[in-house]
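>>> Sequence below, structure please.
(2 chains)
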There are 2 protein chains.
Amino acid sequence: MTLVHDAAAAGAATAADRHRAALIDAGLLIASGVRGVYGLSGTFERVIEQFEAYVTRIGQEREPEVMRFPPLFARHSYQQTDHMELFPNLMGSVHTFTGAPTDVPELTRKRLAGEDWTSNLGPTDVMLTPAACYPLYPTATGILPEDGRTVDLRAFVFRHEPSNDPARMQIFRQREFVRLSTPAEALAHRDYWLEQAERVLRSVGLDVRPVVANDPFFGGAGRVMGASQREQTLKYELVVPITSAESPTAIASCNYHLDHFGRAFDIRTADGEIAHTACVGFGLERIALALFTTHGYDPGTWPASVRRVLGPC
Amino acid sequence: MTLVHDAAAAGAATAADRHRAALIDAGLLIASGVRGVYGLSGTFERVIEQFEAYVTRIGQEREPEVMRFPPLFARHSYQQTDHMELFPNLMGSVHTFTGAPTDVPELTRKRLAGEDWTSNLGPTDVMLTPAACYPLYPTATGILPEDGRTVDLRAFVFRHEPSNDPARMQIFRQREFVRLSTPAEALAHRDYWLEQAERVLRSVGLDVRPVVANDPFFGGAGRVMGASQREQTLKYELVVPITSAESPTAIASCNYHLDHFGRAFDIRTADGEIAHTACVGFGLERIALALFTTHGYDPGTWPASVRRVLGPC
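Next up, the predicted model:
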């Protein structure tokens, strides 16, 4: 069993390495020397902008409020969530130097000696944003309007999972539409977007497939949580081959959170009940990678039907 | 002296608090509970998009390469710079949990007990990006083309300087045009953009003033560095009143770095000399704040001349 597993892992690593090298050679990704952290070419960025403009047009049907959060999330809000228990290995905690000018030479000495200079740092008031909708919830504490709220978000999010697979980045953008409302409305939002997101992705030529999914919870308690999430079919992903045909990659997800965030941040519906929430999230870098992998590295040669939807390349 | 200083500081804080409260009341900024970290409304974000589209049109004259880096910078590259010596107080070092599932309960216990749970974390391979052009330089190691390079960048950058002044954010976007070339070409780029940036900002109705400036170097060595940077007139800022008329805020800067980054990352011109670099940086959130402060909180009521340049509001 171990041998089979290792061989599969080695094969997958090779496919990932080849795909990564091809994207870097083509100039679409710019290597930073850190696995899963890349610069993007103008062509890559333009595809993301075009896909986002398309999603904006689709999303406007439901007249969402637009909010844009930076890649940082207040530490005190992070501590109100259970992210630390469920995904401690993915977190990004921001630390800085809080010493006096007289302490700087010691910092420099450690750096030059190759010692751990970060032991001189202390935590700041911020974390990296774990998912685009996290910063929204603490701002929604209190009573929702009668019809609840629908919010359009985009943010860089961080997941500490260094990988050679170009489709598994440590930092990437999520475009989300979030509903905060009653259980029925939240579930309806999830189901509306499950259909809509599949239509959107198929219309740009991506042969996506919906699968019941669960979040990558950490450790033993995580396995129980994951099984429960799957059994209740709370989360669906739309997957498509990017680096591997056998293990397609999730490029969008539709997630019903029950009262998870409503309870953590005391968000209530007009009738005083704990609000339920749901979101659709589009992984923008992954969608661009899926488009380049499916249609080729030059958007000028993409099928006319795709270019019609995305606009002039 | 101390009393006068304190009174001035208290007065400034009050102006900052009032301005911050007005922007939050108007819904343009969304408070996160952390000083200098905000969500932005759709209106705010749209002004940034429109200003950027304008700058893109202006910048295209010089046919820059477009590159987009995420808010993270490789730690090994950071360690090749002297940022740690010059701005240790501004840095953002990203840390994560590297323990086993059996260590999670202790993390949780500390969090719930209000103890410092971050002592269980370790540094990752990344820092937050200190300035939009930093991630470019390590990718440019080697020999430049005959004419050097001109690169168009935009990135979120981090500065740990919590403040009540809404114009002093901890995380914000810089749009930059960078030149890597000979000393003469780098200096010409800086001077071209000093004129061009003033024209751009004046054309959207911002009454900017160029001033010789220096970076906020830390501690005693920093004072020497700052004086030297001023004497050599390496850096100019374009300032305009945002929170205070007496202390106008820098909304763009034009900076000639000499061989600072060329040397750190071994970037050479075609004739083998260490490359010199220069950049113009537009502070996008600050420019939007300057527009709102100058023309009012509703872009629909801005002067026709401004709306003509920025496009339909």
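>>> Briefly note if stretch A:305-313 comes near chain B.
No: on the criterion CB under 8 Å from any CB of the partner chain, stretch A:305-313 is out of touch with chain B, staying 14.1 Å away. Where C-beta positions appear, they are placed from N, C-alpha and C, glycine not excepted.
>>> Ok, stretch A:254-263 next?
No: applying CB under 8 Å from any CB, one finds stretch A:254-263 out of contact with chain B, separated by at least 15.7 Å.
>>> Who are the contact partners of A:L180?
Neighbouring residues of A:L180 by CB atoms under 8 Å, 6 or more residues apart in numbering or on different chains: A:A140, A:L144, A:G148, A:R149, A:V151, A:A186, A:G262, A:I267, A:A275, A:H276, A:T277.
>>> tell me which of those residues is nearest to A:L284?
The closest of these to A:L284 turns out to be A:V151 (CB to CB; 17.3 Å).
>>> which ones are touching the closest one?
With CB under 8 Å, 6+ apart, A:V151 has these contacts: A:P64, A:E65, A:V66, A:M67, A:L136, A:F177, A:V178, A:L180.
>>> Distance check, the closest residue to A:D165 other than its chain neighbours against chain B.
Using CB to CB, 6 or more residues apart in numbering or on different chains and skipping residues adjacent in sequence, the residue nearest A:D165 is A:A16, 4.0 Å away. Distance of A:A16 to chain B, computed by CB to the nearest CB, to the nearest Å: 18 Å.
>>> which residues in the stretch 151-300 of chain A form helices?
Secondary structure of the stretch 151-300 of chain A (DSSP state H, counting those that start in this stretch): helices at A:183-203, A:219-231, A:260-264, A:284-295.
>>> Deepest-packed of those, please.
The highest mean neighbour count among those, using mean count of other CB atoms under 10 Å in any protein chain shown, belongs to helix A:284-295: a mean of 23.
>>> what about it and chain B, any contact?
No: using CB under 8 Å from any CB, helix A:284-295 stays clear of chain B, with a minimum separation of 9.1 Å.
>>> farthest-separated two in the contacts of A:V151?
A:V66 and A:L180, at 15.1 Å, using CB to CB across those.
>>> what about A:S93, neighbour count?
23 (other CB atoms under 10 Å in any protein chain shown).
>>> need the contact list for it.
Per CB under 8 Å, 6+ apart, neighbours of A:S93: A:R75, A:P123, A:M127, A:L128, B:V94, B:H95, B:T96, B:T118, B:L121.
>>> was I right about A:R286 contacting A:A167?
Yes: with contacts counted by CB atoms under 8 Å, A:R286 reaches A:A167, the gap being 5.5 Å.
>>> Now do the shared contacts for the two.
A:I242, A:T249.
>>> so where's chain A uncertain?
Applying pLDDT under 70 to chain A picks out residues A:1-13, A:312-313.
>>> can you map out the strands along it?
Taking DSSP state E as the test, the strands found in chain A are A:29-31, A:38-41, A:65-68, A:72-74, A:93-97, A:121-128, A:142-143, A:149-158, A:171-181, A:209-213, A:235-240, A:249-256, A:267-268, A:276-283.
>>> Among those, which comes closest to B:S228?
strand A:93-97 (22.8 Å).
>>> so that closest one versus strand B:121-128, what angle?
80 degrees (axes from the mean of the first three to the mean of the last three CA atoms, to 10 degrees).
>>> Sheet partners, orientation included, of strand A:93-97?
Using DSSP bridges, the strands paired with strand A:93-97 are strand A:121-128 (antiparallel), strand B:93-97 (antiparallel).
>>> could you check the distance from the residue lying closest to A:L201 once chain neighbours are set aside over to chain B?
Excluding the flanking residues, the one nearest A:L201 by CB to CB, 6+ apart is A:V208, at 4.7 Å. According to CB to the nearest CB, A:V208 stands 25 Å off from chain B.
>>> where's the residue of the stretch 151-300 of chain A found nearest chain B relative to A:M91, distance?
Nearest residue of the stretch 151-300 of chain A to chain B, counting by CB to the nearest CB: A:G219, 2.8 Å away. The spacing between A:G219 and A:M91, counted by CB to CB, to the nearest Å, is 14 Å.
>>> can you check A:V306 too?
A:V306 is 37 Å from A:M91, by CB to CB.
>>> The two: which has the busier surroundings?
Using other CB under 10 Å, the more surrounded residue of A:V306 and A:M91 is A:M91, with 21 against 17.
>>> Provide a list of residues in contact with the closest residue to the more buried one other than its chain neighbours.
Sequence neighbours aside, B:T96 is the residue nearest to A:M91 in space, at 5.4 Å (criterion: CB to CB, 6+ apart). Contact analysis of B:T96 by CB under 8 Å, 6+ apart lists A:P88, A:N89, A:L90, A:M91, A:G92, A:S93, A:H160, B:L121, B:G122, B:T124.
>>> Buried among those? Make that a PyMOL selection.
Buried members of the contacts of B:T96, defined by 16 or more other CB atoms under 10 Å in any protein chain shown, are picked up in PyMOL with:
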select buried, (chain A and resi 88+89+90+91+92+93+160) or (chain B and resi 121+124)
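>>> Which two of the contacts of B:T96 have the greatest separation?
So for these, where distance means CB to CB, the most widely separated pair is A:L90 and B:G122, at 13.9 Å.
>>> returning to what we had before: check contacts around the residue nearest to A:D165.
Taking CB under 8 Å, 6+ apart as the test, what A:A16 contacts is A:S163, A:N164, A:D165, A:P166, A:T243, A:S244.
>>> top of these by neighbour count?
A:P166 (27 neighbours).
>>> hmm, back to that, closest to B:R202 out of the strands paired with strand A:93-97?
Going by CB to CB, the one of the strands paired with strand A:93-97 nearest B:R202 is strand A:121-128, 35.3 Å.
>>> Could you export the closest one as PDB, CA atoms only?
The C-alpha coordinates for strand A:121-128 follow below in PDB (Å, rounded to 0.1, in the frame of the first residue of the first chain):
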ATOM      1  CA  LEU A 121       9.200  39.600  16.600                       C
ATOM      2  CA  GLY A 122       5.800  39.900  18.200                       C
ATOM      3  CA  PRO A 123       2.300  39.400  16.800                       C
ATOM      4  CA  THR A 124       0.400  42.300  15.300                       C
ATOM      5  CA  ASP A 125      -3.300  42.900  15.400                       C
ATOM      6  CA  VAL A 126      -3.900  41.100  12.100                       C
ATOM      7  CA  MET A 127      -3.900  37.700  10.400                       C
ATOM      8  CA  LEU A 128      -3.900  37.000   6.700                       C
END
